[in-house]
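Enquirer: Prediction below, plus the sequence it came from.
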Amino acid sequence: MSAGSGQEPLRVAVLGARGRMGRQACAAVDAAPDLELVAEIGRGDRLDALAEAGAQVAVDLTVPAAVMGNVEWCLSHGVHVVTGTTGWTADRLDTVRQWCTQAPALGVLVAPNFGIGAVLVMRFAQQAARFFESVEVVELHHPDKLDAPSGTAVRTAQLIAAARAEAGLDPVPDATVEALEGARGADVDGVRVHAVRLRGLLAHQEVLLGGPGETLTLRDDTYDRASFMPGVLVGVRKVADHPGLTVGLENYLDLDGAPRRAGD
Ligand SMILES: NC(=O)c1ccc[n+]([C@@H]2O[C@H](COP(=O)([O-])OP(=O)(O)OC[C@H]3O[C@@H](n4cnc5c(N)ncnc54)[C@H](O)[C@@H]3O)[C@@H](O)[C@H]2O)c1
Ligand SMILES: O=C(O)C1=N[C@H](C(=O)O)CCC1
């Protein structure tokens, strides 16, 4: 199959191919004329199948317990990685950075969220953070989600905390003494993060900012995993142009570029 520009299609494997995200990612890659889906790897399948199929990029949508092993395998077999799997800590990211030094031509994209709405909420929260004394993050997800807080919420809180620190803000005021442990949520770099799990939801997030006499609420709602697929494809197409570890899809996007119509 040709990419339409005379180039060979990029050969893509999906890890976690039978999961909720993986199934949609396989369909999205399969439907893209410039990409070729060469391997669909599920739990228990041999990763060697990926090399045998000549995959150039692996999309990992598995589980926190599997993602590190998959990234290490890909980097040691010459395969770029795009992953939306959660469970990232500073230590895990440092380990991947270290592996990347052994494979300097390869790129790894860790994308806490592939949805443009969520990426923009993170950006807007970063921009707003220095103007408000108080801030909290509430994430709301389907109850089959394995982890809490969500990777997106952790990243959002970290970005807010960094923006507050850069602006020299005091800690978020909070005189509360918890009567029940957990009532005030988790503390991510000084920002409270609350996780709701509710049947009927898919993936949602609110950033609540408050100052004297006013609040600002930033909210993103994902109703269908289709919303993640354009971001997955951006990652797949651009990862080879970004050697080393990149955290956040925003680094592959021109969020500050000239206005364009949606879909252009
Ligand atoms: N970044 C984003 O935009 C985004 C969006 C949705 C979900 N996620 C994250 O992506 C991950 C997957 O989400 P999901 O809802 O599809 O979960 P899921 O449980 O439906 O799918 C995970 C799949 O991975 C498989 N798996 C486990 N270990 C494996 C291994 N070693 N090799 C290959 N496959 C393996 C499981 O059998 C399962 O089929 C989660 O961490 C989730 O939080 C990220
Ligand atoms: O459904 C999930 O699981 C999601 N996980 C990501 C996260 O933890 O931030 C992105 C949203 C959906």
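Expert: Thanks, I have the structure now. Residues are numbered from 1 along each chain as shown. Ligands and ions are numbered 1, 2, ... in the order given.
Enquirer: Run through the residues of the stretch 1-150 of the chain sitting next to ligand 1.
Expert: Selection of the stretch 1-150 of the chain residues close to ligand 1 by Cβ under 6 Å from any ligand atom yields 15-16, 18-22, 41-43, 61-63, 66, 84-86, 111-115. Where you see a C-beta, it was placed from the backbone N, CA and C, and this is true even at glycine.
Enquirer: Pull the number of nearby residues for the spatially closest residue to F228 that is not a sequence neighbour.
Expert: Spatially, and ignoring its direct neighbours in sequence, F228 is nearest to F114 (4.0 Å; Cβ to Cβ, 6 or more residues apart in numbering). When neighbours are defined as other Cβ atoms under 10 Å, F114 has 26 of them.
Enquirer: Which of the three states applies to F114?
Expert: For F114, the assignment made with DSSP: H, G, I helix; E, B strand; the rest coil gives coil.
Enquirer: Next, work out how far apart it and ligand 2 are.
Expert: Distance, F114 to ligand 2, using Cβ to the nearest ligand atom, to the nearest Å: 8 Å.
Enquirer: I figured that residue hits L233, correct?
Expert: No. With contact defined as Cβ atoms under 8 Å, F114 does not reach L233; the gap is 9.0 Å.
Enquirer: got the buried residues for stretch 199-215?
Expert: Burial within stretch 199-215, assessed by neighbour count using 16 or more other Cβ atoms under 10 Å, is assigned to 201, 203-210.
Enquirer: I'd like to know which of the residues you listed is nearest to A105.
Expert: Distance to A105 across these (Cβ to Cβ) is lowest for A203, with 33.4 Å.
Enquirer: Just read off the phi/psi values of that closest one.
Expert: The phi and psi values for A203, taken as degrees, to the nearest 10, are phi -150, psi 120.
Enquirer: next one: the helix or strand of the chain with the lowest mean pLDDT to chain centre, how far?
Expert: Taking mean pLDDT, DSSP states H and E as the measure, the helix or strand of the chain with the lowest value is helix 48-52, at a mean of 95. Counting by Cα atoms, centre = their mean, to the nearest Å, helix 48-52 is centred 25 Å from the centre of its parent chain.
Enquirer: Kindly report the same for stretch 198-212.
Expert: Centre-to-centre, stretch 198-212 and its host chain are 17 Å apart (Cα atoms, centre = their mean).
Enquirer: same question, stretch 176-194
Expert: 24 Å.
Enquirer: any idea whether whatever residue of the stretch 151-264 of the chain ends up closest to ligand 1 is helix, strand or coil?
Expert: Relative to ligand 1, the nearest point of the stretch 151-264 of the chain is F228 (4.5 Å; Cβ to the nearest ligand atom). Per three-state DSSP, the local secondary structure of F228 is helix.
Enquirer: need the contact list for it.
Expert: By Cβ atoms under 8 Å, 6 or more residues apart in numbering, the contact set of F228 is 21, 24, 84, 113-115, 222.
Enquirer: Any chance of these in a markdown table with pLDDT as columns?
Expert: A markdown table is the format used below for the contacts of F228 (pLDDT from 0 to 100):
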| residue | pLDDT |
| --- | --- |
| M21 | 98 |
| Q24 | 98 |
| G84 | 98 |
| N113 | 98 |
| F114 | 98 |
| G115 | 98 |
| T222 | 98 |
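Enquirer: In helices, which of the residues of the stretch 1-150 of the chain next to ligand 1 fall?
Expert: With DSSP state H as the criterion, helices contain 20-22, 66 from among these.
Enquirer: Derive a ChimeraX selection command for the buried subset of the residues you listed.
Expert: Buried residues within these, by 16+ other Cβ under 10 Å, are selected in ChimeraX with:
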select :21,22
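Enquirer: Looking at the ones in helices among the residues of the stretch 1-150 of the chain next to ligand 1, which one is closest to V29?
Expert: Ranked by distance to V29 (Cβ to Cβ), those are led by G22 at 10.5 Å.
Enquirer: so D94 sits in a helix?
Expert: Yes. Counting by three-state DSSP, D94 is part of a helix.
Enquirer: I'd like the distance between it and ligand 2.
Expert: Noted for D94: a distance of 20 Å to ligand 2, by Cβ to the nearest ligand atom.
Enquirer: same deal with P143?
Expert: Taken as Cβ to the nearest ligand atom, the span from P143 to ligand 2 is 10 Å.
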